[in-house]
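Visitor: A structural model of the following input is requested.
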Amino acid sequence: MMNSTQGSYFILGAYFDSGLLKYLFFMILTSLYIFILSLNLLLIVVICMNRSLHEPMYLFLCSLFVNELYGSTGLFPFLLLQILSDIHTVSAPFCYLQIFSLYSYGGVEFSNLAVMSYDRYLAICCPLQYNTRMTFRKVVILIAISWLYPFLAIFILIMLSSSLQLCGNIINKVYCDNYSVVKLACSDTTVNNIYGLIITCSVVFSPVILILYTYMRILKVCFSGSKQTRQKAVSTCTPHLASLLNFSFGSSFEILQSRFNMNRVPNILQIFLSLYWLTCQPLFNPLVYGLKMSKIRIICKSMFSWKV
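Guide: Model prediction:
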């Protein structure tokens, strides 16, 4: 059973002695974090400052970019500090705070992508009713729900995990992970497991099912519609689908790594896979939307050309 001293902190066991290479890792991750911050902040400012972009699609994009900043900030400063540190320990309250930040980031990401797919469904399948069905008030409500529900659901999850009696304090990850904490419990985890299953279904699978349903309807309209309708669907849906596949790909890696024995996988590859869903999505989204969305691309070009 853990004593009170052990219960006050966790040890992150996935770090290894990389010698002077840790400074190279630090520089690479610092550059990546600055690049992610710059890209997402730029697109948030572009959307907020230009009235022509105050449309539902771009407001949902703005919410997505804000979430990328939130998730990156929950990971990168902590990760950079741990790379330079020789003792990879973290206090229990901060560990639970990081779990809340990273898990709620994932929940908000799926919720945002689901809301964006619903918006595209209305724009393509019900174009004449779009302005009456997707009002500014409805946009605000959808964005609020996509943030508040994951926050509330993950908060309850953290409360359940923090109340467990633990028999160890070593987490074999480079950041705090809820499933790893639950595996350390020597008390009954039935409630945690049931609630975790409910959370996975409601925060992950439900949005994915909604996205798949809306795209089935969109494809049906595209096959029976005009060439212009197909072109509109491709131009607006391609970035969204690419973002969904990228995030689902990274999240699947994380779930598989947490649930199954990965001892045969090299340590460095395990670390890369566990960080993929947290580092690639914040970089991927602003790049793919900035390049594919013509309005955003034109405004960004005009801003930089004016500065020059």
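
Visitor: So for the protein, the centremost residue is which one?
Guide: Geometric centre of the chain, nearest residue: G106, 3.8 Å, by C-alpha atoms, centre = their mean.

Visitor: Point me to the helix or strand that includes that residue.
Guide: helix 92-125 (DSSP states H and E).

Visitor: picking that back up, report the separation between the residue nearest to the centre of the chain and A233.
Guide: Here G106 is placed at a distance of 27 Å from A233 (C-beta to C-beta, to the nearest Å). No exception for glycine: its C-beta is placed from N, CA and C like everyone else's.

Visitor: same thing with L12?
Guide: For L12, the distance to A233 equals 45 Å [C-beta to C-beta].

Visitor: try L42
Guide: Taken as C-beta to C-beta, the span from L42 to A233 is 27 Å.

Visitor: neighbour-wise, which of the two wins?
Guide: Between L42 and A233, counting by other C-beta atoms under 10 Å, A233 is the more crowded of the two (20 against 17).

Visitor: re the thing from before, so what's the residue nearest to the centre of the chain up against?
Guide: Shown in contact with G106 (C-beta atoms under 8 Å, 6 or more residues apart in numbering): G71, P150, V203, V204, S251, W277.

Visitor: Same check on M293?
Guide: So M293 contacts L61, P239 (C-beta under 8 Å, 6+ apart).

Visitor: what separates it from S52, distance-wise?
Guide: With C-beta to C-beta as the criterion, M293 and S52 are 12 Å apart.

Visitor: what's the answer for A92, then?
Guide: From A92 to S52 the distance is 48 Å (C-beta to C-beta).

Visitor: which one of the two has more residues nearby?
Guide: Neighbour count, other C-beta under 10 Å: between A92 and S52, A92 has more, with 17 against 10.

Visitor: what's around K220, how many residues?
Guide: 11.

Visitor: residue boundaries of the helices in the stretch 151-300 of the chain?
Guide: Counting by DSSP state H, counting those that start in this stretch, the stretch 151-300 of the chain has these helices, from start to end: 178-183, 190-199, 206-224, 227-259, 267-292, 294-307.

Visitor: Could you point out which of those helices sits nearest F136?
Guide: helix 294-307 (18.3 Å; C-beta to C-beta).

Visitor: any idea of the mean pLDDT in that closest one?
Guide: Averaging pLDDT along helix 294-307 yields 70.

Visitor: Check D86 and give its pLDDT.
Guide: 82.

Visitor: before we move on, what about L241?
Guide: 86.

Visitor: how much space between the residue lying closest to it once chain neighbours are set aside and I199?
Guide: The spatially closest residue to L241, leaving aside those adjacent along the chain, is Y215, at 7.4 Å (C-beta to C-beta, 6 or more residues apart in numbering). If you measure Y215 against I199 using C-beta to C-beta, the figure is 24 Å.

Visitor: Many thanks, we can stop here.
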